[in-house]
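> What follows is a predicted protein model with its sequence.
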Amino acid sequence: MLTLASDFGTPYPAAMRGVIRRRTDADLLDVSHELPRGDPLGAAFWLRFVLPEFPPAVHCAVVDPGVGTERDAVAVRAGAHVVVAPDNGLALPPARALAADSSDGVDTPSSSSGIDVYRIDGFDPASATFHGRDVFAPAAADIAAAIAQPGERTVDHPSALREALEDLDWLTRVDDYVDCEIPTPTRYPAADCLAVDGEVLVVDDFGNAITNVPGTVVEAADRDRIRMNDTVVPVVETFADVDRGEKLVTVGSHGYVECDVNDGSGAASFGLSPGDVVRIRGE
Amino acid sequence: MLTLASDFGTPYPAAMRGVIRRRTDADLLDVSHELPRGDPLGAAFWLRFVLPEFPPAVHCAVVDPGVGTERDAVAVRAGAHVVVAPDNGLALPPARALAADSSDGVDTPSSSSGIDVYRIDGFDPASATFHGRDVFAPAAADIAAAIAQPGERTVDHPSALREALEDLDWLTRVDDYVDCEIPTPTRYPAADCLAVDGEVLVVDDFGNAITNVPGTVVEAADRDRIRMNDTVVPVVETFADVDRGEKLVTVGSHGYVECDVNDGSGAASFGLSPGDVVRIRGE
Amino acid sequence: MLTLASDFGTPYPAAMRGVIRRRTDADLLDVSHELPRGDPLGAAFWLRFVLPEFPPAVHCAVVDPGVGTERDAVAVRAGAHVVVAPDNGLALPPARALAADSSDGVDTPSSSSGIDVYRIDGFDPASATFHGRDVFAPAAADIAAAIAQPGERTVDHPSALREALEDLDWLTRVDDYVDCEIPTPTRYPAADCLAVDGEVLVVDDFGNAITNVPGTVVEAADRDRIRMNDTVVPVVETFADVDRGEKLVTVGSHGYVECDVNDGSGAASFGLSPGDVVRIRGE
């Protein structure tokens, strides 16, 4: 199985689908081609959220503001999954989530995290601006083809997957690669107080402003209302708990605190964009 | 076969695709993820329009403004199709169309309409806001898997489908469910007069304002021009029958009267939004 | 294999997917449903760019401002591919690219170009505005079904494909059809001078204004900067070669000169829309 994710909009991903179909008949599913444009961190947030829902697969993910520069292409094994991406950190947050999810992670000294990073060589790009077509799609397709087994759909055990990847001479295991972490919010611990400073990671299609503050932080405080920057808002379980047009704070399905409006745009109402600071205080 | 429809935009549907692929290899096709947001009636219009084009399938449809409240999840058998949806009426208009389309509908006292409604239990949602991932996708996938037959693609006869559904212990046939009807326009009959009051149901991607007035009403009047609210406009067969930028009224491919502009937005030019009244009079 | 392209947005293409699935299980992939609306020339540019990436397939492409008028429907064989489209020129630029790409083109007196054009008859449209559903999708599906071979996925040799098409009695080879060419820019040759007048063909999702000036023209001039209309801009290989927000000219992955801004919209910054003239001069 192959999944495809990018910030390319349309119709560029069609060229990637064609390239893949010239190389493999693997089941091909779109993740999204509207990932946050030119923002590997925001895109990594989404990939970390959705890729673990898939069974073992090769995930081709391209958000690549440095296309055409010297940055490498990498294939990251995580559990029984592979993430093919530019070496800009994009692959690492989802890879860590995929490895943590894996019940049978490979555990050797060189891979105690269940993750192996390989540099991809040998795909000579025909263009300076569309490595999705020239490098990432063919590399992902060739990996998917290499691990497909007659009768079964894919190598779906991490150790067998690793062996199959080690056999590809255009992959070289590397220890130095660009990493990226979803930033951790700052908590000010106190006995009876909720005080945490975070930031907005992404704004979703509903206009919800999703922060890096784990839902558990707010849930543990067990408050009906909190102060979000300068606004006191109810903490609720779902949109319908407030009237239409009213602001709310909830824990989204990704496990993070988000600033929403029932049937409206939380980002607009709270005045929040990706990167903006959110200060959450108990009321 | 499985189809997927929602008002989720992107990338949330990717999580549903992953959940489905963990449970079934069934052919998976998108209907749309841009259904009218939070508007089960508008969404039902579109599903009633497009789902009957498909061969027997399980259709997972999620437009769910009440997510996280007490509303149930339902699976509606209609002919040899199943529509999995929140119990807010969304499934019923397409289900009635699918049943009417079915040449071999099940006809028993309890199901004279060719429709059975089942409540879905047993999918404990991990989130309060994304039952598409937590309830509807896995339920639809499990139904698709249950009715897949070795050698054939699906149970494609209504009575065999009903038997397969009755065997699933997490489905309970119910008589009380939320229904929803596309509203019927008001006609003022008179011998030589066209007079009907309807409303705008949806505005499509072209900006066409689609009403609930059946095309047959206008076609029967056989007029070259009609009065649409305060504007007299030509009734034509196709956009090219008027100059670019000119208003027109036509019967769309869904069989309803729509207010259009050739190479422009009918909704903007006529000043119409979903829910707005349209008064159609003979000129 | 079947691909699907249109300017329909959503959810109209779902009806086409359903119609296709009633007729064939062929692998079904989307190209785009956001092709330039009502613009067969701009759409043909994109199809010429992406379709040659695919292995032999039936491509159903609908950008059809003349829907409901007397225009024909055509199926164009190009190499081992078939493009099904309205007879408005849309199919011809991609077909020529597909034929040129084909290493084993049929070469007979009647088809020295490797292209055969067939008129499609026999699909009586149920609507005047949605021939995508009523004509193009079923015709493409029936062609895909006709050329599918047991054990293999499709007839993938041009001469075998032609024979299969000749056997379909609802296809009639025609010599008169609507053609369309990507317009050729005007070059003013001089020993040491770069002077070419072209036009903008399309603006992509990134806001890049893509022209009809072949990249080779600018590359041959080997300049660091050129004058694009009234602006002197750097000629670079990739976006990252200029600062964020800075204008640039580059050769895109499609091989044409485009006017871009790093992390911004070239169309907005240069003030360019499809059809606008671009005058490129050496500095």
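Ah, there it is. Numbering: from 1, shown residues only, chains lettered A, B, ... in the order given.

> Domains in chain A, by residue range?
Chain A breaks down into these domains under automatic domain parsing: A:2-173, A:186-282.

> contacts for the host helix or strand of residue A:46?
For residue A:46, the host element (DSSP states H and E) is helix A:40-50. For helix A:40-50, the surrounding residues in contact (C-beta atoms under 8 Å, 6 or more residues apart in numbering or on different chains) are A:5, A:7, A:31-32, A:35-36, A:59, A:61, A:63, A:65, A:83, A:86, A:88-94, A:96-97, A:180, A:182, A:201-202, A:210, A:254, A:274, B:11-12, B:14-15, B:18. Just so you know, the C-beta spots here come from the backbone N, C-alpha and C atoms, and that holds for glycine as well.

> now that helix: mean pLDDT?
With pLDDT averaged residue by residue, helix A:40-50 scores 98.

> How far off centre is it?
On the basis of C-alpha atoms, centre = their mean, to the nearest Å, helix A:40-50 sits 2 Å off its chain's mean C-alpha point.

> What's the first helix or strand after it?
Per DSSP H and E, helix A:40-50 leads on to strand A:58-62 as the next helix or strand towards the C-terminus.

> what is the mean pLDDT for whichever helix or strand comes after that next one?
Going down the chain from strand A:58-62, the next helix or strand is strand A:73-78, by DSSP H and E. Strand A:73-78 carries an average pLDDT of 98.

> What of stretch A:213-222?
On average, the pLDDT along stretch A:213-222 is 92.

> what's the spacing between that stretch and its chain's center?
Per C-alpha atoms, centre = their mean, the centroid offset for stretch A:213-222 relative to its chain is 22 Å.

> swap in stretch A:190-203?
Taking C-alpha atoms, centre = their mean, one finds stretch A:190-203 lying 22 Å from the centre of the chain it belongs to.

> low-scoring stretches of chain A, by residue?
A:102-113, A:149-154, A:191-192 (pLDDT under 70).

> which bits of it sit near chain B?
Residues of chain A lying near chain B by C-beta under 8 Å from any C-beta of the partner chain: A:1, A:3, A:5, A:27, A:29-35, A:46, A:49-55, A:57, A:153, A:204-206, A:237-241, A:250-253, A:263.

> ok, of those, which come out buried?
Among the residues of chain A next to chain B, those scoring as buried are A:1, A:3, A:5, A:27, A:29-35, A:46, A:49-55, A:57, A:153, A:204-206, A:238-241, A:250-253, A:263 (criterion: 16 or more other C-beta atoms under 10 Å in any protein chain shown).

> So residue A:19 versus residue C:62, what's the distance?
Residue A:19 sits 24 Å away from residue C:62 when distances are taken as C-beta to C-beta, to the nearest Å.

> Check residue A:1 too.
Counting by C-beta to C-beta, the gap between residue A:1 and residue C:62 amounts to 30 Å.

> Narrow the buried ones among the residues of chain A next to chain B to those in strands?
Counting by DSSP state E, those place A:3, A:5, A:29, A:30, A:31, A:32, A:250, A:251 in strands.

> Make a markdown table out of those and add distance to residue C:195.
Shown next, in a markdown table, are these (distance: C-beta to C-beta, whole Å):
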| residue | distance to residue C:195 |
| --- | --- |
| A:3 | 47 |
| A:5 | 43 |
| A:29 | 48 |
| A:30 | 44 |
| A:31 | 46 |
| A:32 | 43 |
| A:250 | 61 |
| A:251 | 62 |
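
> Return the member of those residues nearest to chain C.
Chain C lies nearest to residue A:30 out of those, by C-beta to the nearest C-beta, at 8.3 Å.

> how close does the closest residue to the closest one other than its chain neighbours sit to residue C:204?
Take residue A:30 and drop its neighbours on the chain: the residue closest to it by C-beta to C-beta, 6 or more residues apart in numbering or on different chains is residue A:4, 5.3 Å away. According to C-beta to C-beta, residue A:4 stands 18 Å off from residue C:204.

> what do you get for residue A:217?
For residue A:217 relative to residue C:204 (C-beta to C-beta), the value is 41 Å.

> Kindly report the same for residue A:259.
Separation of residue A:259 from residue C:204 (C-beta to C-beta) stands at 32 Å.

> go on, residue A:25?
According to C-beta to C-beta, residue A:25 and residue C:204 sit 29 Å apart.

> those helices in the stretch 51-200 of chain A, which residues are they?
Using DSSP state H, counting those that start in this stretch, the helices assigned to the stretch 51-200 of chain A run over residues A:92-101, A:131, A:137-147, A:158-166.

> Identify the residues contacting the one residue in the stretch 1-150 of chain A that gets nearest to chain B.
Nearest residue of the stretch 1-150 of chain A to chain B, counting by C-beta to the nearest C-beta: residue A:53, 3.0 Å away. By C-beta under 8 Å, 6+ apart, the contact set of residue A:53 is B:14, B:15, B:16, B:17, B:18, B:19, B:22, B:133.
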